[in-house]
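**Student:** okay, predicted coordinates and the sequence, questions at the end:
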Amino acid sequence: MGLTTRIVIAMGAGIALGLLFNTLNMSGFPGAGVNEAINIYLTEGLFDIVGRIFIASLKLMVVPLVLVSLISGACALSEGSRIGPLAGKTILLYMLTTAIAITLALCLALLFQPGVGVSEAAAQATAAFQPKEPPPLSEVLVNIFPTNPVAAMAEGNMLQIIVFALLMGYAISRCGEPGQRIAAFFNDLNSVVLRMVGVLMVFAPYGVFALLAKTFADLGLGGLVQLGKYFLVVLGALLLHALGVYSLLLKLLSGLNPLELLKKMRSTMVFAFSTASSAATIPVTLSTVEKRLGVDNKVAAFTIPLGATINMDGTAIMQGVATVFIAQFFGVEIGLMGYLTVILTATLASIGTAGVPGVGLIMLGMVLQQVGLPLEGIAMIIGVDRLLDMVRTAVNITGDAVVSSVVAKSEGALDEETFYDANYDSVSISDSHNTIGAH
């Protein structure tokens, strides 16, 4: 059985078991003692521990993988002086898709009006929620550039790591023979790091099962009732963007078949859904884009870590719908200029806030602040945000793959034979000599 199939089975089993536990808790059957034991020993015990260990082990690999892979790719790019055009095209495409995402979200939210008629009960958490004051946009943009690369790696600040890795890769490519020796070292180290990721991926189905079982045992589906309209509008916008906008962009800008990309990304999307973390999914996304879509490492090593950091299409969609929802709930009319401000702020903030914990809420706080809406409105959507966050992550990594494929095609760094190869079964995590997963 391939890794993809095992992950999908684990995801389905985890969701089913989580919903069962949540239903038992709500109904009181088979008894308070049994339900308490399930919560203590399974939901908050075994599942929580296994899930957290799995996420921690993935995050363990993110910094070394991004640093080493990006330095290797930057060395190869710098030799051909392609790093400037590559970076420009990638950032422009990510900003374009984010602007389209939030525009789509605003249009759907204004059409369906999710905030009209919402009861006060839906906002009862507002008093207990204390929103953090978002930092100024100028400060976040300045913080992209590292003052201490070691501190950036220790804190997992991906944008600062990317800037440092690009600079180091460029310098290595300009150092002649010493640079060639260092480049060879990083290429070998890259193979070792990928192999480590491959070892961890063997345990992916167990981690996915534990994560989803705990998530759905805690949340259930009850919270969707009061905010059902908001949830459905956000979900609809996410699916429309992932299946429609990305497909159209891929076809128009590269001529590639969107269905091939979606088929080959499905297991990675499932993985991203279960972890709800673009950063934790970087190793899987990078391997899928290289091994199954045929994107050259020198391009993928730049576009995927950057995308996981600044590509906030899913979050932008949430912000667009949430802004309209909160404005309608509080009866505030922000007008055309207000909506244009939302589009501009969210697009720019998607670049700068990526290294900040709780990036989605930080960005939403910035947007609400810019158009004069109360930050307390964030509390109304928190109940369903975890489930939407899982879908947002799957959308984001699909966007990373689309942009990577478009940029690689324009750079002549896409192997179309691999892109259209139908002989695949699972997520491929491999080093230069070994492959984990069925092919």
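**Tutor:** Structure's in. What do you need? Quick caveat: nothing in here was measured; it's all calculated off a predicted structure.

**Student:** remind me which residues of the stretch 51-200 of the chain are low pLDDT?
**Tutor:** 77-82, 118-137, 140 (pLDDT under 70).

**Student:** give me the below-cutoff pLDDT ranges for the stretch 251-400 of the chain.
**Tutor:** Counting by pLDDT under 70, the stretch 251-400 of the chain has low-confidence residues at 351-359, 383.

**Student:** could you redo the last one with a cut-off of 90?
**Tutor:** 266-267, 270-284, 287, 297-298, 301-302, 305-312, 314-316, 319, 326-390 (pLDDT under 90).

**Student:** break down it into its strands, ranges please.
**Tutor:** Using DSSP state E, counting those that start in this stretch, the stretch 251-400 of the chain contains no strands.

**Student:** buried stuff in stretch 93-103?
**Tutor:** 93-95, 97-103 (16 or more other Cβ atoms under 10 Å). No exception for glycine: its C-beta is placed from N, CA and C like everyone else's.

**Student:** any chance of JSON lines for these, columns distance to Val371?
**Tutor:** Converted to JSON lines, the buried residues of stretch 93-103 look like this (distance: Cβ to Cβ, whole Å):
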{"residue": "Leu93", "distance to Val371": "27"}
{"residue": "Tyr94", "distance to Val371": "23"}
{"residue": "Met95", "distance to Val371": "20"}
{"residue": "Thr97", "distance to Val371": "22"}
{"residue": "Thr98", "distance to Val371": "18"}
{"residue": "Ala99", "distance to Val371": "17"}
{"residue": "Ile100", "distance to Val371": "20"}
{"residue": "Ala101", "distance to Val371": "18"}
{"residue": "Ile102", "distance to Val371": "13"}
{"residue": "Thr103", "distance to Val371": "15"}
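
**Student:** list the contacts for Thr97?
**Tutor:** The contact partners of Thr97, by Cβ atoms under 8 Å, 6 or more residues apart in numbering, come to 245-246, 249, 311, 313, 399, 402-403.

**Student:** looking at this, it is in a helix?
**Tutor:** Yes: using DSSP: H, G, I helix; E, B strand; the rest coil, the secondary structure at Thr97 is a helix.

**Student:** that one and Thr5, how far apart?
**Tutor:** As for Thr97, its distance to Thr5 is 30 Å (criterion: Cβ to Cβ, to the nearest Å).

**Student:** cool, Gly179 as well?
**Tutor:** 44 Å.

**Student:** neighbour-wise, which of these two wins?
**Tutor:** Gly179 (17 against 14; other Cβ atoms under 10 Å).

**Student:** with Gly360 as the reference, measure out to the closest residue to the more buried one other than its chain neighbours.
**Tutor:** Distance criterion Cβ to Cβ, 6 or more residues apart in numbering; nearest residue to Gly179, sequence neighbours excluded, is Ile172 at 4.4 Å. For Ile172, the distance to Gly360 (Cβ to Cβ) stands at 36 Å.

**Student:** same thing with Asn257?
**Tutor:** 32 Å.

**Student:** could you do Ala13 as well?
**Tutor:** 28 Å.

**Student:** looking at the two, which is more packed in?
**Tutor:** Gly360 (21 against 15).

**Student:** counting neighbours, what do you get for the residue lying closest to that one once chain neighbours are set aside?
**Tutor:** Nearest residue to Gly360, sequence neighbours excluded (Cβ to Cβ, 6+ apart): Thr315, at 4.6 Å. A total of 30 residues lie near Thr315 under the criterion other Cβ under 10 Å.

**Student:** give the contact list for Thr315.
**Tutor:** 350, 359-360, 363, 392, 396 are the contacts of Thr315 under Cβ under 8 Å, 6+ apart.

**Student:** give me every residue that touches Ala413.
**Tutor:** 295-296, 298-299.

**Student:** show me where the stretch 201-350 of the chain has its helices.
**Tutor:** Per DSSP state H, counting those that start in this stretch, the stretch 201-350 of the chain carries helices over the ranges 204-219, 228-240, 246-254, 258-275, 278-291, 297-310, 313-330, 335-352.

**Student:** neighbouring contacts of the shortest one?
**Tutor:** Right, helix 246-254. Residues from elsewhere that reach helix 246-254 (Cβ under 8 Å, 6+ apart): 97, 256-259, 261-262, 398-399, 402, 405-406, 409-410, 414.

**Student:** for it, buried residues please.
**Tutor:** In helix 246-254, counting by 16+ other Cβ under 10 Å, buried: 246-247, 249-250, 253-254.

**Student:** Ile55 and Ala279 touch, don't they?
**Tutor:** No: using Cβ atoms under 8 Å, Ile55 is not in contact with Ala279; the gap is 9.9 Å.
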